[in-house]
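Chemist: quick one, fold the following:
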Amino acid sequence: MTIKEKLTEKVSGVKSLATAALLAATIALSPTPATAGGSVELMAGHQSITLDTKVSTEVAEKTGLFIRQMTTSTPEGEVSYFGLADLSYKLVGGLDVVGEVQAAPGMGVIPRAGLQHFGKVGDLAVYALATVKTMEHPDGEIVVSLSYTPKLGESIDLLMSLEDLTSIGKEGHQFSAQKLRLGATLMEKYHIGAAANLTELGPDGSFGYDIGGFVGIDL
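Modeler: Numbers count the residues shown, from 1 in each chain. Modelled structure (predicted):
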């Protein structure tokens, strides 16, 4: 199954979105250990609503666990889900080796392996992840995330971010997706602003978009 198929796999009804929202609220309201962190973001666009939950923690020395789930609901009542878990081990500086598992309804579990790197220069933070599927029909995925967060005042920061995911198979480009955010961070924790989610499918890059706004909270 290609990444296009797994990201567009549908499950009927709103039960999955309600469950995801309840989980996100539970995480946001629960105390977290000093080594744990994460975020919850709700993006409402003109075509869909997406709940994006991230949780990360240190499970051992130099070893981290990152879990992410994205649940999307459309006005027609369709709900799609995609989740992943990364186990990383620090090699040197901001460079880690990563083992990843992805899952979505109908696709089962897809194991991946690769490298990730974190870096920061002033108010600019950079994250990059490159993985390959470690089973039949291998493909490559590259994730690049940029965020720029200069201070605007005592309790407000500018928030500009771009996240890009690209999947490449033996026939070339399979799927790309970009998340663009422009807004503000309040009290170093709460986020609000404008949002755009873009997609390009297949070798010809068929284009889709969802434009709206977002709210979020850091855990």
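
Chemist: for His191, give me its contacts.
Modeler: Glu41, Leu159, Arg181, Gly183, Ala184, Thr185, Phe214, Val215, Gly216, Ile217, Asp218 (CB atoms under 8 Å, 6 or more residues apart in numbering). All C-beta spots, glycine's among them, are computed from the backbone N, C-alpha and C.

Chemist: try 10 Å
Modeler: 39-41, 149, 157, 159, 161, 181, 183-185, 214-218 (CB atoms under 10 Å, 6 or more residues apart in numbering).

Chemist: and Glu163, by the same measure?
Modeler: 52, 127, 143-147, 177-181, 197.

Chemist: name the nearest residue to Lys120, ignoring sequence neighbours.
Modeler: Val126 (7.1 Å; CB to CB, 6 or more residues apart in numbering).

Chemist: still on that earlier bit, buried subset of the contacts of His191?
Modeler: Neighbour-count burial (16 or more other CB atoms under 10 Å) applied to the contacts of His191 gives 39-41, 149, 157, 159, 161, 181, 183, 185, 214, 216, 218.

Chemist: ok, Val101 to Thr149 distance?
Modeler: 30 Å (CB to CB, to the nearest Å).

Chemist: what residue of the chain is the furthest out?
Modeler: The C-alpha centroid of the chain is most remote from Glu154, which lies 28.8 Å away (CA atoms, centre = their mean).

Chemist: can you pull out the helices in this structure?
Modeler: For the chain, helices defined by DSSP state H occupy the ranges 3-8, 15-29.
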